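Peer 1: Predicted model and sequence follow; I will ask about them next.
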Amino acid sequence: MKSRYVRTLAGVMAAALVIGGCGGTGNGGTLPDAASDGAALEEQSGIGADGSSADGGAAADGTAAGADADGESAPAGGGDAGEQAAEASAKEPWEDNPLQVIDDNYRTYYEVFVYSFCDSDGDGVGDLQGLISKLDYINDGDDATDTDLGCNGIWLMPVNPSPTYHKYDVADYYAIDEEYGTLEDFRHLVDDIHAKGMKCIIDVVYNHTSPDSVLAREHPEWFYRRPDGSFGNRVGDWWDVIDLDYSQPGLWDYQIETLKYWASMVDGFRCDVAPLVPLEFWLRAREEVERVRPGCLWLAESVEPAFIREGRAAGLGVLSDAELYQAFDICYDYDIFDVFQDYLEGKVPLERYAQAVNAQETIYPDNYVKLRFLENHDRARAAFLIPEGMALMSWTAFL
């Protein structure tokens, strides 16, 4: 836990130093002395702003200076040893320590909105075949190349049939939207993603459906009803969806079977507005899906603190991040995203955001993982929030 705390704090401060050095920060100021502040941070944390050891008496790999990896004394200089030392000093820091995926939960996922990503047949709508043709842009599967983004996972926004372009109002949980292609296309896509060493997770929307969904026709008893008996939803401004009613045991069985169906193909799920679905459902779903896809990844779209407060005040059961971590591996960073925005708008200093990041270490379980982001499909683009180029690069590096 301590190492992650230090790494996070150092990362935030390193970003601050770079942003300050380029002549503009979100709060309108710069750190008074970037060099001295950076040195002080390294002294306190033992980690340099670039992630290297700040201890000048030991090598980055933990071996003592003046000794090789097996502990034998190394020559003081000259000959082959001198040449090797010169070669080593000429190398970039990362060449002997390539980036590794620490754990599957720490992969970098590329979010794909299939509708607008790549159109393979000229009908004006992106599709699965189009995405297949562009996979090398995301990751070509060859560690020796540097022409791809190097992402190690793909997150597909909803691919189920839907009457809307965004498809967050599912009409059929067991099918692929015809605009995107066929089930065979989907299987081909997932196979190609796996062949390139990436994982694939899909968006699942289990709080609500389209008003004309298969479930609404075949199982109207599984839906929330307004006082007048009509279909509706508990979040009033979501006018184009109708909520499911998880007090119905049959709904649990159906939805878990759909998860198991897709888990036979994909590696995990991003669960839309997961806090509005009962925790007990997610716990049971995780247990049953694990038998189909061991190690399945569970990402919850957790919600902002204001949404939790307002929802609970209105009588809704809205799960907090701390509750969600009982069933999920990863939650959104919405719990502190407003602090990040306040910093960018100059309302609070960078230190306030660093404090919020580090506070997560004490309020969540030790195995928690946060989905950190500068933007997502529900938020303004990062280039709008952070218009200065070097600052945007620095915050991207921080992630």
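Peer 2: Sure, I can see it. Residues are numbered from 1 along each chain as shown.
Peer 1: just so I have it, where are all the helices in the stretch 151-300 of the chain?
Peer 2: 183-195, 214-218, 249-263, 279-292 (DSSP state H, counting those that start in this stretch).
Peer 1: Dump those helices into CSV; add mean pLDDT and mean neighbour count as well.
Peer 2: All C-beta atoms are positioned from the backbone trio N, CA, C, and that covers glycine. Formatted as CSV, the helices of the stretch 151-300 of the chain follow (pLDDT from 0 to 100; neighbours: other C-beta atoms under 10 Å):
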stretch, mean pLDDT, mean neighbour count
helix 183-195, 98, 16
helix 214-218, 97, 14
helix 249-263, 98, 16
helix 279-292, 98, 16
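Peer 1: need these in a markdown table with distance to P365, can you?
Peer 2: As requested, these are exported to a markdown table (distance: least, C-beta to C-beta, whole Å):
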| stretch | distance to P365 |
| --- | --- |
| helix 183-195 | 30 |
| helix 214-218 | 34 |
| helix 249-263 | 23 |
| helix 279-292 | 14 |
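Peer 1: And those: which comes nearest Y115?
Peer 2: When the helices of the stretch 151-300 of the chain are compared by C-beta to C-beta, helix 183-195 sits nearest Y115, at 14.6 Å.
Peer 1: what angle do the closest one and helix 249-263 make?
Peer 2: Helix 183-195 and helix 249-263 are oriented at 60 degrees to each other (axes from the mean of the first three to the mean of the last three C-alpha atoms, to 10 degrees).
Peer 1: tell me the contacts of K370?
Peer 2: Applying C-beta atoms under 8 Å, 6 or more residues apart in numbering to K370 gives the contacts 330-333, 360.
Peer 1: If you rank those by neighbours, which is first?
Peer 2: Neighbour counts for the contacts of K370, by other C-beta atoms under 10 Å, peak at C331, which reaches 28 neighbours.
Peer 1: so where does that residue fall, helix or strand?
Peer 2: strand 330-332 (DSSP states H and E).
Peer 1: Pull up the gap between the closest residue to R270 other than its chain neighbours and F328, please.
Peer 2: Once flanking residues are discounted, R270 sits nearest to L299: 4.4 Å by C-beta to C-beta, 6 or more residues apart in numbering. Distance from L299 to F328, counting by C-beta to C-beta, to the nearest Å: 7 Å.
Peer 1: Same question for V277.
Peer 2: Taking C-beta to C-beta, one finds V277 at 11 Å from F328.
Peer 1: related to what we said a few turns ago, and which of the contacts of K370 is nearest H166?
Peer 2: Closest approach between the contacts of K370 and H166, by C-beta to C-beta: Y332, at 17.8 Å.
Peer 1: residues contacting the closest one?
Peer 2: 300-303, 370-371, 373 are the contacts of Y332 under C-beta under 8 Å, 6+ apart.
Peer 1: Could you rank those by neighbour count and give me the top one?
Peer 2: S302 (28 neighbours).
Peer 1: Where does the prediction get shaky in the stretch 1-150 of the chain?
Peer 2: 1-105 (pLDDT under 70).
Peer 1: how about a cut-off of 90?
Peer 2: Applying pLDDT under 90 to the stretch 1-150 of the chain flags residues 1-109, 143.
Peer 1: and what of the stretch 251-399 of the chain?
Peer 2: Scanning the stretch 251-399 of the chain for pLDDT under 90 picks out 303-304, 306-307, 309-311, 314-317, 366-367, 371-388, 391-399.
Peer 1: which one's the longest strand in the chain?
Peer 2: Looking across the chain with DSSP state E, the single longest strand is strand 199-204.
Peer 1: packing partners for that one?
Peer 2: Contacting strand 199-204 under the criterion 3 or more C-beta pairs under 8 Å, 6 or more residues apart in numbering; DSSP states H and E are the following elements: strand 153-156, helix 183-195, helix 249-263, strand 268-271, strand 297-300.
Peer 1: what sits up against that strand?
Peer 2: With C-beta under 8 Å, 6+ apart as the test, strand 199-204 has contacts from 104, 107, 109, 152-159, 168, 189-190, 193-194, 258-259, 262, 266-272, 297, 299.
Peer 1: redo that, cut-off 7 Å
Peer 2: Strand 199-204 is contacted from outside by 104, 107, 109, 152-159, 190, 193, 259, 262, 266-272, 297, 299, using C-beta atoms under 7 Å, 6 or more residues apart in numbering.
Peer 1: Next, the buried residues of it.
Peer 2: 199-204 (16 or more other C-beta atoms under 10 Å).
Peer 1: Over to stretch 310-328?
Peer 2: For stretch 310-328, by 16+ other C-beta under 10 Å, it's 311, 318-321, 323-325, 327-328.
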